[in-house]
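Undergrad: No letters, just coordinates:
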């Protein structure tokens, strides 16, 4: 790998870290704009000026905000995520068992949706302008415009209530057998996939069509190549960068989608923890979840960026 | 273009210039906006009026869309809810687009450190997925109606800023702006008279898309119980409160969600056909 490629990748990683730092600052200072503070909240009704002042001193809230931000950031980096307001349990103990569950759901959804979306996008691009392309275009547009909970409720209505194929709840389902796994994960994954597949297929199609309009494809057409070969051999290698970017952007819909899906199916993941924490206004948990999801998104974009660099033939040869 | 909507003749021509899907979309959007304004007068029952219907009842003559989990008329609930679902989204999208455009204009004309700083901040905000950012704001500031409007506006402002800035930077590099600058025109004049009028149209298309996203996000929040609070109800909260009817397949769960879907699909169809129309005009 050349020095140029490595330095470009290092630059991207650096920008990513700076962005992550700004996100941390945003999250911290938005929370500290709150009228009243953690001490007042923790004491609730029992708050007298003296007890609030004492607890504030104990929690270090009497320090200036900038200093507190760096202490907070330092704690985050070393794995100390603070104490939940609800029950005084460390945030670490609340979120850690949940993260694998969410990642499992996301992985299942990604593994299902990426192949389907790629095939749909490529087929649409090959048969551009035909009835097939237009039909898929309309259907994907509808799915993107529809709220996730409509897809979820319809899926429950059809598959769980009418057909009894799957269970409507993931909580406590037996996932040790293959059938049990599909019963538990089927509906959440189906719902997540709908949105992601639609978005990804549209963007893949757009990225590929962008390439198909290029002069070198016209040349290939004039040479008399079959459309399939033109797309698979000539256009796709050039469209890898945009397609990977499109995939990263669509997978970010997963992050929004899991919030709704985990809640509907009572799935014990991080997003449902986030929703519970928001309704209890349990800020330390909320802050951690928000940072975690943002970091995931940032990581996705970073991977897409690096793929774009690595797959760029002009950079590879130099 | 700005004169198009002034009198019926040109409005009619505008309507006919759209594709069939675009016309349907425009009609659906117009219908829902009409409902949002006049819905409370059209409703056969009050929003919180306890009718004598059965709980989670089916479609019937007395209750055209069935009844909800407390036996209230669902049609009336949806008609009343329209003003929250559409009104909140409209106000916050307006706020987001206006702020985004304004900040983009300022950063283009002023440039330098202001542009640099703002762009970094906006990039960071775009990293926060929209629903997650909204949840964070609701966790901190609660979910009263003004906070919800502000939340949606803050969430979608960065995207609007990005689009507006790329437009404004492009225009700023045009010769006629350079001429204005050499003429000694003020920054304010250049921003308002030279750049702004030429970026209104792309920003309006962007406004439409952003409106769709906002409707989806606000109804999602309400669906989670973190958006519009009872006794008020938008369509998302209607789905949530009737969720117990899901196992019996009650229309009360599906109808409000369908209402949201028709609104967002209608708006998307309309915007899509606007974009297609522009492509056609550009191709000729």
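TA: Looks like it came in fine. Please read all numbers here as calculations on a predicted model, not as lab measurements.

Undergrad: Give me the residue ranges of the stretch 151-300 of chain A where confidence is low.
TA: Regions of the stretch 151-300 of chain A meeting the criterion pLDDT under 70 cover residues A:166-178.

Undergrad: That one: strands as residue ranges?
TA: For the stretch 151-300 of chain A, no strands are identified by DSSP state E, counting those that start in this stretch.

Undergrad: For it, which residues are neighbours of chain B?
TA: A:153-154, A:156-157, A:161-162, A:168, A:252, A:255-256, A:259-260, A:263, A:274-275, A:277-279, A:281-283, A:286-287, A:289-290, A:293-294, A:297-298 (CB under 8 Å from any CB of the partner chain). Backbone N, C-alpha and C define where each C-beta goes, glycine included.

Undergrad: what's the offset of stretch B:129-137 from the middle of its chain?
TA: Distance of stretch B:129-137 from the chain centroid (CA atoms, centre = their mean, to the nearest Å) equals 17 Å.

Undergrad: can you point me to the longest helix in chain B?
TA: Longest helix in chain B by number of residues (criterion: DSSP state H): helix B:251-283.

Undergrad: In the chain, which residue is most central in space?
TA: Here I'm looking at chain A. With distances taken as CA atoms, centre = their mean, residue A:255 lies nearest the centre of chain A, 3.1 Å away.

Undergrad: sorry, should have said chain B
TA: residue B:211 (1.9 Å).

Undergrad: what angle separates the helix or strand where that residue lies from helix B:251-283?
TA: Counting by DSSP states H and E, the secondary-structure element that holds residue B:211 is helix B:196-223. Interaxial angle of helix B:196-223 relative to helix B:251-283 (axes from the mean of the first three to the mean of the last three CA atoms, to 10 degrees): 160 degrees.

Undergrad: so what does helix B:196-223 touch, helix or strand wise?
TA: helix A:148-155, helix A:236-264, helix B:89-110, helix B:130-141, helix B:145-172, helix B:235-241, helix B:251-283 (3 or more CB pairs under 8 Å, 6 or more residues apart in numbering or on different chains; DSSP states H and E).

Undergrad: Give the residue farthest from the middle of chain A.
TA: Most distant from the centre of chain A: residue A:50, at 44.2 Å, with distances by CA atoms, centre = their mean.

Undergrad: Next, the angle helix B:145-172 makes with the helix holding residue B:211.
TA: Using the same axes, to 10 degrees, helix B:196-223 lies at 150 degrees relative to helix B:145-172.

Undergrad: What separation do you get for the nearest residue to residue B:244 once chain neighbours are set aside and residue B:77?
TA: Take residue B:244 and drop its neighbours on the chain: the residue closest to it by CB to CB, 6 or more residues apart in numbering or on different chains is residue B:69, 5.8 Å away. Between residue B:69 and residue B:77 the computed distance is 11 Å (CB to CB, to the nearest Å).

Undergrad: same deal with residue A:297?
TA: For residue A:297 relative to residue B:77 (CB to CB), the value is 36 Å.

Undergrad: circling back: what are the buried residues along the helix holding residue B:211?
TA: B:196, B:199, B:203, B:206-223 (16 or more other CB atoms under 10 Å in any protein chain shown).

Undergrad: how many neighbours does residue B:30 have?
TA: 12 (other CB atoms under 10 Å in any protein chain shown).

Undergrad: Does anything pack onto the host helix or strand of it? Which helices or strands?
TA: For residue B:30, the element it lies in under DSSP H and E is helix B:20-42. Packing partners of helix B:20-42 (3+ CB pairs under 8 Å, 6+ apart): helix B:74-82, helix B:251-283.

Undergrad: who's in contact with the shortest one?
TA: Contacts with helix B:74-82, where a contact means CB atoms under 8 Å, 6 or more residues apart in numbering or on different chains, come from B:32, B:35-36, B:39-40, B:42-47, B:49, B:63-68, B:233-235, B:237-238, B:251-252, B:255-256, B:259.

Undergrad: how about stretch A:107-118, does it reach chain B?
TA: No - Stretch A:107-118 is not in contact with chain B by CB under 8 Å from any CB; minimum separation 15.1 Å.

Undergrad: show me what contacts the nearest residue to residue A:259 once chain neighbours are set aside?
TA: Leaving out its chain neighbours, the residue that sits closest to residue A:259 by CB to CB, 6+ apart is residue A:271, at 4.5 Å. By CB under 8 Å, 6+ apart, the residues touching residue A:271 are A:102, A:258, A:259, A:261, A:262, A:263, A:289, A:293.

Undergrad: List buried members of these by neighbour count.
TA: Neighbour counting with 16+ other CB under 10 Å marks A:102, A:258, A:259, A:261, A:262, A:263, A:289, A:293 as buried within the contacts of residue A:271.

Undergrad: who has more neighbours, residue A:297 and residue B:77?
TA: More crowded of residue A:297 and residue B:77, by other CB under 10 Å: residue B:77, with 28 against 23.

Undergrad: how much space is there between the more buried one and residue B:99?
TA: The gap separating residue B:77 from residue B:99 is 33 Å, by CB to CB.

Undergrad: residues contacting residue B:221?
TA: Counted by CB under 8 Å, 6+ apart, residue B:221 has contacts B:131, B:134, B:135, B:138, B:143, B:148, B:227, B:236.

Undergrad: What residues does the stretch 101-250 of chain B have near chain A?
TA: Residues of the stretch 101-250 of chain B lying near chain A (CB under 8 Å from any CB): B:120-121, B:123-125, B:127-133, B:135-142, B:212, B:216, B:219-220, B:223-226, B:236, B:239, B:243, B:246-249.

Undergrad: Tell me which of the helices and strands packed on helix B:196-223 sits nearest to residue A:86.
TA: helix B:130-141 (12.5 Å; CB to CB).

Undergrad: Can you tell me the closest non-neighbouring residue to residue A:216?
TA: Using CB to CB, 6+ apart, the closest residue to residue A:216 is residue A:234 (6.9 Å).

Undergrad: Next, count neighbours for the one you found.
TA: Per other CB under 10 Å, the neighbour tally for residue A:234 reads 20.

Undergrad: cool, residue A:94 as well?
TA: Applying other CB under 10 Å, we find 22 other residues in the vicinity of residue A:94.

Undergrad: What pLDDT does the model give it?
TA: Here, the pLDDT recorded for residue A:94 equals 83.

Undergrad: Could you check how far it is from chain B?
TA: Residue A:94 sits 15 Å away from chain B, taking CB to the nearest CB, to the nearest Å as the criterion.

Undergrad: can you tell me which helix in chain A is longest?
TA: The longest helix of chain A (DSSP H) is helix A:178-212.

Undergrad: That one packs against which elements?
TA: Applying 3+ CB pairs under 8 Å, 6+ apart, we find helix A:178-212 packed against helix A:98-126, helix A:131-145, helix A:148-155, helix A:236-264.

Undergrad: Let me have those in a markdown table, extended by distance to residue A:90.
TA: Listed next are these as a markdown table, based on distance: least, CB to CB, whole Å:
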| stretch | distance to residue A:90 |
| --- | --- |
| helix A:98-126 | 14 |
| helix A:131-145 | 40 |
| helix A:148-155 | 32 |
| helix A:236-264 | 22 |
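
Undergrad: what's the closest of these to residue B:191?
TA: helix A:236-264 (31.1 Å).

Undergrad: Much appreciated, bye for now.
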